[in-house]
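J.: The sequence isn't on hand, but the structure is:
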């Protein structure tokens, strides 16, 4: 959920989609659903920029499948989506290849750096984000797979 509480998004991991929810409705209503990848490619962790205008989403993209599987891909995807203030359907801005079996994405406090956590490579990829494109800037090696994370901020 963005800091303002609008919109709220839920990852539907089995579908590879994200649902946009209207929390003021009773009951809570799904107002849109967007695909973060092809069928059976598994979306994972998402994060908003602190201003709530962009969403980062990780798609396994088949990188968690056996090489013989027709859905296999050797890279996951980091996708950035723009979210309008009315909480309507998010629009994809850009995407970049990331490691395998990736678990989540995190934005920095200023929204200009995005981290993608990769299980197979035991690392975190850092990307700069200028509002329209991603550029990989570094990788931080870890002693194990990165399965969850959080950035420090004024929450």
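T.: Perfect, I can see it now. Please read these numbers as outputs of a predicted model, since none were measured by experiment.

J.: what helix or strand is residue 44 on?
T.: strand 43-48 (DSSP states H and E).

J.: That strand pairs with which strands, parallel or anti?
T.: Applying DSSP bridges to the sheet, strand 43-48 is found paired with strand 54-59 (antiparallel).

J.: Distance check, the residue nearest the centre of the chain against residue 68.
T.: Of all residues in the chain, the one closest to the mean position by CA atoms, centre = their mean is residue 57, 1.1 Å from it. Distance check for residue 57 against residue 68: by CB to CB, to the nearest Å, it reads 27 Å. For the C-beta atoms, the positions are set from N, CA and C on the backbone; glycine is no exception.

J.: How about residue 81?
T.: 32 Å.

J.: The two: which has the busier surroundings?
T.: Taking neighbours as other CB atoms under 10 Å, residue 81 and residue 68 compare with residue 81 leading, 22 against 6.

J.: which residues pair with that one across the strands?
T.: In this entry, residue 81 is beta-bridged to residue 55, residue 92, by DSSP bridges.

J.: residues contacting it?
T.: In this structure, residue 81 makes contact with 34, 54, 55, 56, 57, 90, 91, 92, 93, judged by CB atoms under 8 Å, 6 or more residues apart in numbering.

J.: What is the neighbour count of the residue nearest to residue 130 when sequence neighbours are not counted?
T.: Closest residue to residue 130 apart from its sequence neighbours, by CB to CB, 6 or more residues apart in numbering: residue 112 at 7.3 Å. The local packing of residue 112 (other CB under 10 Å) involves 13 other residues.

J.: going forward, begin numbering at 48 instead of 1
T.: Got it, the first residue is 48 from now on, which makes the last one we talked about residue 159.

J.: Look at residue 159 and report its pLDDT.
T.: Looking at residue 159, its pLDDT is 95.
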